[in-house]
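# Requesting a structural model of the entry that follows:
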Amino acid sequence: MLKLSQLFLDFQAGIRGSLAERALDRPLYAQPDAASAAPSKAKTRAAKDKDAAAAANVPDEDLTENCRILLRQIDLAGAARLVSVQWNSRLRSTAGYASYPSWKIELNPKLQEFEGQVERTMRHELAHLVAYHRAGRRRIEPHGAEWQQACTDLGIPGESARHRLPLPRREVKRNYTYACAHCGLRVQRVRKFRRYTACSACCNQHNGGQYDSRYRFVMVEDLRNG
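I've put the predicted structure just below:
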């Protein structure tokens, strides 16, 4: 059971907390057992430290600092105070994940097996956060022009939307096919769109990047209903 004093402090932080306080993870009430954290002979100290960070769900200080430096270089010092990077051992086929507006990046520990992929994936995910921050309330495509510009600013121009690493993949059947009502571009989806979604290319070309119902995706195939 949580201590009353801790609950009271959490409540106060939630009432008067700044944006930075609200974006950060809640405190860890249980620490990993010291005995279980002892390094094994088969692992190096650095690898073990990263495994422990993943298990404890705490930020990797070195990678977090790298992100802070990159953000300051592109004049986002405020975001540098919020960003955090941690390892997530639950990620399997996904190389990394970015959460906005919490400014949290999660990386697959298996990236450490491939030279240069930790840094590249970290910048890839950081570019998502930068793109969403710059867009404000405007809706953008996850790997659209805004993300591509952020990748360039962070030193990875021409970055691919998807990784090609030999991580274990799970085959997912895409039952729904949508098409843009204007240009006919087709996209396949595992799940239905939950809200009206328009073609990014058409909106950028004809409406200044703003949503326009004329370019909305329309379902053209539903394999579940034959």
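# ok, the residue most central in space within the chain to residue 197 distance?
Closest residue to the average C-alpha location of the chain: residue 98 at 1.1 Å, with Cα atoms, centre = their mean. To residue 197, residue 98 is 20 Å away according to Cβ to Cβ, to the nearest Å. C-beta: built from backbone N, CA, C; applies to glycine.
# can you check residue 101 too?
Taking Cβ to Cβ as the measure, residue 101 falls 21 Å from residue 197.
# Of those two, which one has the most company?
Using other Cβ atoms under 10 Å, the more surrounded residue of residue 101 and residue 197 is residue 197, with 17 against 13.
# hey, where'd the helices end up in this structure?
Using DSSP state H, the helices of the chain run over 4-16, 19-23, 45-56, 61-73, 77-80, 117-135, 145-153, 200-206.
# counting contacts, what elements does the fourth one pack onto?
For helix 61-73, the contact count by 3 or more Cβ pairs under 8 Å, 6 or more residues apart in numbering; DSSP states H and E identifies helix 77-80, strand 84-87, strand 104-107, helix 117-135 as packing neighbours.
# contacting residues around it?
Helix 61-73 is contacted by residues 77, 79-81, 83-85, 105, 107, 118-119, 122-123, 126, 130, 154-155 when judged by Cβ atoms under 8 Å, 6 or more residues apart in numbering.
# What residues sit buried inside that helix?
Judged by neighbour count using 16 or more other Cβ atoms under 10 Å, the buried positions of helix 61-73 are 63, 64, 66, 67, 68, 70, 71.
# and the angle for it with helix 145-153?
Counting by axes from the mean of the first three to the mean of the last three Cα atoms, to 10 degrees, helix 61-73 lies at 100 degrees to helix 145-153.
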